[in-house]
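Asker: need the 3D shape of this:
(one chain, ligands or ions: 1)
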Amino acid sequence: MIYRGRYAPSPTGPLHLGNARTALLAWLDARAHDGKLVMRVEDIDTPRVVKGAEEEQLSDLRWLGLDWDEGPDVGGPHGPYRQSNRYERYEAALSTLRGMGRLFPCVCSRKDLQRLASAPHVGEEGPAYPGTCRDRFSSDEEARAAAGRAPALRFRVTSGKASFDDRVLGSIAQDVERDVGDFVLRRADGLYAYQLAVVVDDGEMGITHVVRADDLATSTPRQVMLLRTLGHAVPSYAHVPLLNGPDAARLQKREPRHTLRGLRDAGIKPESVVGWLAHSIGLVETTTPVRPSELVRDFRLGPLVSRPRWDLFPVT
Ligand code: GLU
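Answerer: You can find the predicted model right below:
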């Protein structure tokens, strides 16, 4: 069996424990399958990229005990592994879609389109696109002239439902046409949308297995649609539970006790962090310190139970 997995952090700050748990699971799944793991740096949302964050994230993942077979720091046959070095590939995919009549310019307000370069999180996406510009312009130039500014580019959704079998969540189907509508692939300011970049990269890097947090499950039907349209194989998906903070709120990269860097600086051992993370997702019974490599043999993605015990957390 060929297994090519990936972990795809956005270098927008330090990795928090939720990111670390997802990375651990992606790594374990790849290693348990004797597979390859690709490290891909998702830095297309340039205004949100923090200088030095990539180096820090990769260093913290190695500190935790993870490694990868391909990536910006180790190279590999499917590079470049940094999205900011892959723009011509995204442009080529847009040309392909244009040739298929699946791309159209849209001049709807910038505010509506702002967030699209980062992966969306639960509840972040607005209402379905009403189709305003779908058949409005015969070219990008016409759209630009009418609006007095550059248009965004949207993918024309022509079939309603997309579905996939998730290894954790089971069968998921979404009526993309009704619930999302034609979605943005390139913003008016020229930034490529997360949905485009992730599809081109997963497709062109030959990714067979995606393990990522379940707040991205609602993006997957769109990605499946786009992968198929571009002629790529659709990977197998496993959306794993998002780790929430002690008060059930989202973890913050600003809270040093919840970031790998903060814990590392506080002198906590990586094995203690891995033990807690593995316990928090039900892989092991106790929070006993452990190295990731020691978890490979018994690893099974199966039913994961998120039961973070913050009272047993290495630093309180
Ligand atoms: N770069 C995304 C994030 O950090 C993950 C995207 C993905 O795994 O598809 O939220």
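Asker: and the residue of the stretch 51-200 of the chain found nearest the ligand, which of the three is it?
Answerer: Taking CB to the nearest ligand atom, the ligand has its nearest neighbour within the stretch 51-200 of the chain at Ala119, 3.7 Å off. C-beta here means a position set from N, CA and C on the backbone, and glycine is covered the same way. Assigned with DSSP: H, G, I helix; E, B strand; the rest coil, Ala119 falls in the coil class.
Asker: against Ser219, how distant is the residue nearest to it when sequence neighbours are not counted?
Answerer: Excluding the flanking residues, the one nearest Ala119 by CB to CB, 6 or more residues apart in numbering is Tyr194, at 4.9 Å. Here the criterion is CB to CB, to the nearest Å. By it, Tyr194 lies 8 Å from Ser219.
Asker: and for Tyr81?
Answerer: For Tyr81, the distance to Ser219 - CB to CB - is 21 Å.
Asker: next: Ser163.
Answerer: Distance of Ser163 to Ser219, computed by CB to CB: 14 Å.
Asker: give me the more crowded residue out of these two.
Answerer: With neighbours defined as other CB atoms under 10 Å, Ser163 and Ser219 compare such that Ser219 has more, 22 against 13.
Asker: isn't the more buried one right up against Gln195?
Answerer: Yes. The criterion here is CB atoms under 8 Å, and Ser219 meets it with Gln195 at 6.4 Å.
Asker: so what sits against both of these two?
Answerer: Counting by CB atoms under 8 Å, 6 or more residues apart in numbering, Ser219 and Gln195 have no contacts in common.
Asker: contact partners for Gln81?
Answerer: In this structure residue 81 is Tyr, not Gln. Counting by CB under 8 Å, 6+ apart, the residues that Tyr81 touches are Val38, Met39, Arg40, Val41, Glu70, Gly71, Pro72.
Asker: so what's the second one bridging to?
Answerer: Spelled out, it's Met39. With DSSP bridges applied, Met39 shows beta-bridge pairing to Tyr7.
Asker: pretty sure it contacts Pro11?
Answerer: No. Assessed by CB under 8 Å, Met39 is found out of contact with Pro11, at 11.5 Å.
Asker: excluding its backbone neighbours, what's nearest Ala20?
Answerer: In space, Ala20 is closest to Leu260, 5.5 Å off (CB to CB, 6+ apart).
Asker: who in the stretch 201-316 of the chain is up against the ligand?
Answerer: By the rule CB under 6 Å from any ligand atom, the part of the stretch 201-316 of the chain lying against the ligand is Arg212, Leu216.
Asker: would you map the helices across the stretch 201-316 of the chain?
Answerer: Counting by DSSP state H, counting those that start in this stretch, the stretch 201-316 of the chain has helices at residues 220-229, 260-265, 270-280, 292-295.
Asker: in the stretch 151-300 of the chain, what residue lies closest to the ligand?
Answerer: Arg212 (3.7 Å).
Asker: give me the pLDDT value at that residue.
Answerer: Per-residue confidence (pLDDT) for Arg212: 98.
Asker: that one contacts Ala26, correct?
Answerer: Yes. Counting by CB under 8 Å, Arg212 does reach Ala26; the two are 7.2 Å apart.
Asker: residue ranges for the strands of the stretch 101-250 of the chain, please.
Answerer: 103-106, 152-155, 161-166, 170-175, 183-186, 209-213, 236-240 (DSSP state E, counting those that start in this stretch).
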